[in-house]
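*Asks:* what shape does this take:
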Amino acid sequence: MSPTAPRLLGLLCDGSLHSGAQLAAALGVSRAAVWKLVGELRAAGVAIDSLSRRGYRLSAPVELLDAARMRAHACEQGRRLPDELEVHFLIDSTNDHLYAAPLPTPGAARVAFAELQSAGRGRRGRRWIAPFGSGLTFSISWTFAETPADLPALGLALGVAIAKVLSGLGAQRLSLKWPNDLLHDGRKLGGLLTQLRQESGGAATVVAGLGLNLALPDAARNAIEAVNTSYHPALAVADLAGATPQGVPSRNLIASRLVLGFEDALREFATVGFTGFAQEWAALDALRGAPVRVHQGSERFEGTARGTDRDGALLVESAGRVLRVFSGDVSVRSAAC
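*Replies:* Sure, this is the predicted structure:
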C-alpha cells in the first residue's frame with residue numbers, strides 16, 4: 001500500500017465530506033492519485049463513500065489509533081506504557097509480527113496494534129474478522145525469566161484481566177467462556193489467542209493477541225456471525241457499544257487501559273501463577289454447571305462443566321468421572337446444540 005494512503009485516511013477520519021481537490025491539495029498529489037488511493041483503502045477494507053462531484057467521506061467517523069494519545073491516557077493514571085509500542089496501519093497479524101520479533105527483555109512488554117490485519121486469526125487458525133474502525137486488535141509479547149508452573153492457565157488469567165479493565169470502563173454483564181472467549185450476555189465480545197516460545201534454561205515468552213468488538217455496523221456483525229456459525233452455532237456477536245450504557249470510550253483510552261491491565265496481570269502471574277486469578281475466573285465462568293459437549297479430535301462426549309483446575313484445563317463431569325480437557329484440542333458447545 002502507498003505510504004500516502006494512511007495520510008489520506010487521516011484526513012477522512014472525521015467523517016466529513018472532503019472534495020477531491022481539497023484532498024489532493026492537502027496531500028500534494030493529483031485528483032487522479034486521490035482516486036487511486038481511495039481504491040487502495042477500499043481494497044484493504046476501509047468503507048469510503050464517494051459522492052459524484054462532491055468528494056469522499058468515511059461511512060462513519062473513526063478515532064485512529066495513536067501511540068501518543070495512548071501514552072497520554074496512561075499518564076493521566078500516573079502510569080507509563082511500554083517503550084516498545086508500535087501502531088501499524090496494515091499488517092498481516094500482530095501475533096505473527098511479535099512472535100517473529102526478538103524476544104523482549106524479561107519483565108518488559110513489547111506491544112503491537114493494527115488498524116487493519118490481512119491475516120488476523122483466532123484460536124485453532126480460524127480467521128478473526130475485524131472491520132476497520134469498529135474494533136481493536138493488538139498483541140503483547142512478554143518474557144518470563146522463569147517459566148511459571150501453571151503457564152497453561154495464563155490465557156484464563158488474561159481473560160480475567162480483560163474483563164476487569166472493561167468493567168472499569170463501564171461494561172456490564174461480562175463473562176468468560178473457556179478457554180478464550182469474552183462474552184456479553186452470552187454473545188461473543190472478544191477473543192484471545194496465546195502463543196508460547198519456550199527457551200532451554202527456564203525462560204518462556206508468550207505472545208497474547210486480543211480481538212475486541214467496539215461498535216460493529218450491521219453488515220460487519222452479519223459477516224462475523226456467518227463465520228462463527230460454522231463452528232459455534234449458538235454464539236452470536238456482541239460489541240462494547242451494547243455492553244456500556246454510557247457509551248464507548250475513546251479507542252485510544254481503551255487501548256491504553258488494556259495494555260496496562262495485561263502488564264499488571266503478567267507481572268502478577270509471574271509471582272503467584274493462576275492462584276491469584278482463580279476466584280475471579282470462577283465468578284466469570286460462563287460454563288460452570290452447564291451441560292456441554294466436548295469435541296476432541298474424533299472423540300466426542302457430553303457432560304457438565306465443573307470449572308477449571310490450576311493448569312487451565314476445563315473439568316467436565318461425565319459418566320461418573322471428572323475429565324480434564326485442554327485448550328487447543330477441543331471446542332465446547334452447549335449440549336442442546
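*Asks:* going along the chain, name the strands of the stretch 1-150 of the chain.
*Replies:* Assignment of strands within the stretch 1-150 of the chain using DSSP state E, counting those that start in this stretch yields the ranges 48-51, 55-58, 84-91, 110-117, 135-144.
*Asks:* ok, which of those strands comes nearest R71?
*Replies:* Among these, strand 84-91 comes nearest to R71, with 7.8 Å by Cβ to Cβ. (C-beta placed from N, C-alpha, C; glycine too.)
*Asks:* residues in contact with that closest one?
*Replies:* Applying Cβ atoms under 8 Å, 6 or more residues apart in numbering, the contact partners of strand 84-91 are 1, 5-6, 9, 44, 65-67, 70-71, 94, 97, 104, 108-118, 259.
*Asks:* tell me which other helices or strands the strand or helix carrying A283 touches.
*Replies:* Following DSSP states H and E, one finds A283 within helix 278-284. Helix 278-284 is packed against helix 154-168, strand 174-177, strand 299-308, with contacts defined by 3 or more Cβ pairs under 8 Å, 6 or more residues apart in numbering; DSSP states H and E.
*Asks:* could you point out which element follows it?
*Replies:* In N-to-C order, the element after helix 278-284 by DSSP H and E is strand 291-296.
*Asks:* pLDDT below threshold where in the protein?
*Replies:* For the chain, residues meeting the criterion pLDDT under 70 lie at 120-130, 199-202, 227-235, 327-337.
*Asks:* for S298, see how far away S30 is.
*Replies:* As judged by Cβ to Cβ, to the nearest Å, S30 and S298 stand 60 Å apart.
*Asks:* cool, I254 as well?
*Replies:* 41 Å.
*Asks:* what does D96 give?
*Replies:* 29 Å.
*Asks:* quick one, domains of the protein?
*Replies:* Taking automatic domain parsing as the reference, the chain has its domains at 4-58, 67-281, 287-334.
*Asks:* okay if I get the ones you listed as CSV plus mean neighbour count?
*Replies:* Putting those into CSV (neighbours: other Cβ atoms under 10 Å) gives the following:
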stretch, mean neighbour count
domain 4-58, 16
domain 67-281, 19
domain 287-334, 16
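*Asks:* isn't L193 right up against A208?
*Replies:* Yes: counting by Cβ atoms under 8 Å, A208 is a contact partner of L193 at 7.2 Å.
*Asks:* list the contacts for F113?
*Replies:* Per Cβ under 8 Å, 6+ apart, neighbours of F113: 65, 67, 85-88, 94, 136-138, 255.
*Asks:* and of these, the nearest to L212?
*Replies:* Among the contacts of F113, L136 lies closest to L212 (Cβ to Cβ), at 4.6 Å.
*Asks:* contacting residues around the closest one?
*Replies:* For L136, the contacting residues are 65, 113, 210-212, 214, 251, 254-255, 258, by Cβ under 8 Å, 6+ apart.
*Asks:* one more time with 6 Å, if that's ok
*Replies:* By Cβ atoms under 6 Å, 6 or more residues apart in numbering, the contact set of L136 is 212, 214.
*Asks:* equivalent analysis for V165, please.
*Replies:* Neighbours of V165 in contact, by Cβ under 6 Å, 6+ apart: 257-258, 261.
*Asks:* quick one: end-to-end distance for stretch 300-318.
*Replies:* One end of stretch 300-318 to the other measures 11 Å (Cα to Cα, to the nearest Å).
*Asks:* ok, now stretch 100-108?
*Replies:* 17 Å.
*Asks:* mind checking how far it is from the chain centre?
*Replies:* Put simply, stretch 100-108 sits 20 Å off its chain's centre (Cα atoms, centre = their mean, to the nearest Å).
*Asks:* and what of stretch 259-277?
*Replies:* Put simply, stretch 259-277 sits 18 Å off its chain's centre (Cα atoms, centre = their mean).
*Asks:* and if you look at stretch 140-151?
*Replies:* On Cα atoms, centre = their mean, the centre of stretch 140-151 falls 20 Å from the chain's centre.
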